[in-house]
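Asks: Sequence first, then the predicted structure, then my questions.
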Amino acid sequence: NAGVMQNPRHLVRRRGQEARLRCSPMKGHSHVYWYRQLPEEGLKFMVYLQKENIIDESGMPKERFSAEFPKEGPSILRIQQVVRGDSAAYFCASSPNPSGSGNTIYFGEGSWLTVV
Amino acid sequence: GNSVTQMEGPVTLSEEAFLTINCTYTATGYPSLFWYVQYPGEGLQLLLKATKADDKGSNKGFEATYRKETTSFHLEKGSVQVSDSAVYFCALSDRGGSEKLVFGKGTKLTVNP
């Protein structure tokens, strides 16, 4: 059973370009989460999605950032017009349907974005 | 709101030393508590978890007990190894582990031979 798959692992973008990060959840998992890790800091929640629905986007910056999890295919985190401050590691995680009894969230290996 | 406060690092130990990394939390309701580990250049791996008061999570020689009275979830290991060098994150989830996680800032551990 493959884990959470993220690509690309490393991405370099010039200021003003767009960055697209992809995440395929574990088999059987229908819940996807995106987190951002800035240098020397912990992970901060960005967005929580189910298939075709955004459930909680309270951690997403108001502008330039968007996320989707279509019916078919991976979840996409899109950052438009990147700036140097967007340089970070972006982690995707997935979990199965919530049961309210302590499901574990599994993380991918992350996508490291560098804006030059 | 929910928050996690973690012992600040970095922590440097010699091999076979005893490890404690303190973690306390603030949460409404009854959160699930987790320790994640991040090895250099890698993603986060779940180390252990506890879902209710007095539960003890354990894995790879690490242990942590969910203490509701002190709102703590301290990570311990009796004898660390060089391979334990990593960043350790304490986290909580306030809906039984299926919703978003709130992380501490992480504690970097270096174990010297």
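Replies: Received the coordinates, thanks.
Asks: right, and B:Lys108 touches B:Val11 too?
Replies: Yes. Using CB atoms under 8 Å, B:Lys108 is in contact with B:Val11, at 7.0 Å. Bear in mind the C-beta positions are built from the backbone N, C-alpha and C, glycine included.
Asks: Walk me through which strands the worst-scoring helix or strand of chain B on mean pLDDT pairs with, and which way each runs.
Replies: None of the helices or strands of chain B scores lower by mean pLDDT, DSSP states H and E than strand B:101-103, at a mean of 89. Partners of strand B:101-103 in the sheet, by DSSP bridges, are strand B:86-93 (antiparallel).
Asks: Contacts for the strand it pairs with next, please.
Replies: With contacts defined as CB atoms under 8 Å, 6 or more residues apart in numbering or on different chains, strand B:86-93 is touched by A:42-43, A:105, B:2, B:4, B:6, B:21, B:23, B:25, B:27, B:31-40, B:44, B:47, B:73, B:75, B:99-104, B:106-109.
Asks: Make a PyMOL selection of the buried ones in those residues.
Replies: PyMOL command restricting the contacts of strand B:86-93 to the buried ones, with burial defined by 16 or more other CB atoms under 10 Å in any protein chain shown:
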select buried, (chain A and resi 42+43+105) or (chain B and resi 4+6+21+23+25+27+31+32+33+34+35+36+37+38+44+47+73+75+99+100+101+102+103+104+106+107+108+109)
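Asks: What ranges does the chain have for its strands?
Replies: Picked chain A for this. A:5-7, A:10-13, A:19-24, A:31-37, A:43-50, A:53-56, A:65-68, A:75-79, A:88-95, A:106-107, A:111-115 (DSSP state E).
Asks: oops, I was thinking of chain B
Replies: With DSSP E, the ranges of strands along chain B come out as B:3-6, B:11-14, B:19-21, B:23-26, B:32-38, B:44-50, B:56-59, B:62-65, B:75-77, B:86-93, B:101-103, B:107-112.
Asks: export those strands to JSON lines and tack on distance to A:Arg64?
Replies: Converted to JSON lines, the strands of chain B look like this (distance: least, CB to CB, whole Å):
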{"stretch": "strand B:3-6", "distance to A:Arg64": "27"}
{"stretch": "strand B:11-14", "distance to A:Arg64": "37"}
{"stretch": "strand B:19-21", "distance to A:Arg64": "36"}
{"stretch": "strand B:23-26", "distance to A:Arg64": "31"}
{"stretch": "strand B:32-38", "distance to A:Arg64": "27"}
{"stretch": "strand B:44-50", "distance to A:Arg64": "25"}
{"stretch": "strand B:56-59", "distance to A:Arg64": "38"}
{"stretch": "strand B:62-65", "distance to A:Arg64": "38"}
{"stretch": "strand B:75-77", "distance to A:Arg64": "37"}
{"stretch": "strand B:86-93", "distance to A:Arg64": "27"}
{"stretch": "strand B:101-103", "distance to A:Arg64": "23"}
{"stretch": "strand B:107-112", "distance to A:Arg64": "31"}
